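Chemist: Everything below, folded, please.
(2 chains)
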Amino acid sequence: MSAPILSVRALERRVGDVEILRRIDLDVMPGEAIGVIGPSGSGKSSLLRCIAGLDEVSGGAVMVEGRQTRPGDGAVGMVFQQFNLWPHLTARENVALALKLVRRMPAADAAAKADAALARVGLGALGGRKPAALSGGQQQRVAIARTLAMEPRVLLFDEPTAALDPELTTEVLDVIRDLAAAGTTMLVVSHEMGFIARLSTRVVFLDHGVVVQAAPPAALFGAQAEPRVRSFLQTYLDRVAWARDA
Amino acid sequence: MIAALLESFAAAARGLPLTLAIWGAGVATGLALGFVIGAVRFFAPAALSWPLAAVVEAVRGVPFLVQCFLLYFGGPFIGIDLTPIVAGWVALSVYGAAYFSEVFRAGFMAVPPGHLEAARMLGIPRNQAVLRIMLPMMALAVLPSLANLAVILIKETAILSIITVPELTFRVQGVGSATFAFAETTLVLALVYWALVEATAVASRHAERRIARALAA
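Modeler: Reported below is the predicted structural model:
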């Protein structure tokens, strides 16, 4: 049995009197895809941001391969809900910038690697476009390529399709699914329940900063769901039922 | 009447180079100073930031005319004895810097934090992120406001005539004092400043478009 690539130990985050995360424990094995679901304000994004090191933790630790992480140390990559592409740079330049500045790659090598990363998300032909000339789905795929190019050990997706319409959502989810199939270790926060169910090796349900249940999707989305999880999922299931019956 | 008009235009032509020079110099130093003040107020801790905020508020709260008087007539009392032209340049720079700094500060604030978080996650050092990401993004946002302020400063240079800077207004008013043709000289002043403002406004819009094209799609 291999060691976990990511260990979250008794992670706590408080802002003033508000407890955002309460003693979260989570071990992620290499190649796992962890789906993180739960109601708004349950701490899903905070969990990812604490793992990334973007939000300060009040207690506990986050380790990647046994080492405490810092933002930008290459251990963790993050894909944001709002893409956060730099608007004045082309898709290729967005991907290549960190390769040049951090990896110290010569410009030509960085551009070549950027093109390879863009090809991997199906955008090999659009490297010369600025973000404004790309659809939302394409922008998010550029953001994924930008993160991939730095080859992080763990990828974090913070509601990667929440800003996209259903059609564009599909193309982004397909990319994430391909990455998971290729063995990329990832944590995905999403409200796309069907996607999470099919993608994840395990699903974590958060509520009020506590892990209510962490289980394989078949269990969590099935008969073994905790009552709180079941009531949360009911609204989603109702919608699916409506679509099926219509 | 025609003679007075012609004489006024001639005087305006003699004063124009200094008006343009002092305006250009004032805008240049005002932009540089304003950028530094805006950056310090955005990035530096409060202890450094609030004294600058107080200065900016004071400069924005006092009429430019009064500032010129304070510097030119009050300066010698504290050992700042400047020639009219230097005093005019300094006054215009400080006045411009106060307003420019607010635009720069707003520009820094307008860059979404997520864009810098993305850079941070990729390991891009903070100073590089500011240089490569924040400043270009900010430039686009602040360009129109900066250009607008620069154009407004042209009209403020007229006030420098009060501290005997021999610029456009000073020269043309000299014609008025000598000939008592105040209506004609004032009309010429109005026309010349209007033409100047229109010309710089057109030029700045042109420059704006070019810079914007260079920075973004």
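
Chemist: Quick one: low-confidence residue ranges for the chain.
Modeler: No chain specified, so I'll use chain A. A:1, A:243-244, A:246 (pLDDT under 70).

Chemist: meant chain B, my bad for not saying
Modeler: B:215-217.

Chemist: Which stretches in it count as helices?
Modeler: For chain B, helices defined by DSSP state H occupy the ranges B:2-43, B:46-61, B:64-69, B:84-110, B:113-121, B:126-129, B:135-156, B:168-179, B:182-215.

Chemist: Need those in CSV (columns: mean neighbour count).
Modeler: Yep, even glycine has a C-beta here, placed from its N, CA and C like the rest. Below are the helices of chain B laid out as CSV (neighbours: other CB atoms under 10 Å in any protein chain shown):
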stretch, mean neighbour count
helix B:2-43, 18
helix B:46-61, 13
helix B:64-69, 18
helix B:84-110, 22
helix B:113-121, 20
helix B:126-129, 15
helix B:135-156, 18
helix B:168-179, 20
helix B:182-215, 15
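
Chemist: will you turn those into a markdown table that also has distance to chain A?
Modeler: Output for these, formatted as a markdown table (distance: least, CB to the nearest CB, whole Å):
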| stretch | distance to chain A |
| --- | --- |
| helix B:2-43 | 18 |
| helix B:46-61 | 20 |
| helix B:64-69 | 35 |
| helix B:84-110 | 12 |
| helix B:113-121 | 4 |
| helix B:126-129 | 5 |
| helix B:135-156 | 4 |
| helix B:168-179 | 39 |
| helix B:182-215 | 5 |
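
Chemist: Which one, of those, ends up nearest to A:Ala91?
Modeler: Closest approach to A:Ala91 among the helices of chain B (CB to CB): helix B:113-121, 13.9 Å.

Chemist: Hey, what's the angle from that closest one to helix B:135-156? Just curious.
Modeler: 130 degrees (axes from the mean of the first three to the mean of the last three CA atoms, to 10 degrees).

Chemist: Can you give the contact residues for helix B:113-121?
Modeler: Residues outside helix B:113-121 that contact it (CB atoms under 8 Å, 6 or more residues apart in numbering or on different chains) are A:52, A:54, A:71-72, A:76-78, A:80, A:82, A:84-86, A:98, A:143, A:146-147, B:126, B:128-129, B:133-134, B:137.

Chemist: Which among these count as buried?
Modeler: A:52, A:54, A:71-72, A:76-78, A:80, A:82, A:84-86, A:98, A:143, A:146-147, B:128-129, B:133-134, B:137 (16 or more other CB atoms under 10 Å in any protein chain shown).

Chemist: Tell me which of these fall in helices.
Modeler: In this view, these that belong to helices under DSSP H are A:Ala52, A:Ala98, A:Ala143, A:Arg146, A:Thr147, B:Gln128, B:Ala129, B:Met137.

Chemist: Find the pair from those residues with maximum spatial separation.
Modeler: Across those (CB to CB), the longest gap, 21.9 Å, separates A:Ala52 and B:Met137.

Chemist: buried set for the lengthiest helix in chain A?
Modeler: For chain A, the helix with the greatest residue count under DSSP H is helix A:227-245. Neighbour-count burial for helix A:227-245, counted by 16+ other CB under 10 Å, picks out A:Arg228, A:Val229, A:Arg230, A:Phe232, A:Leu233.
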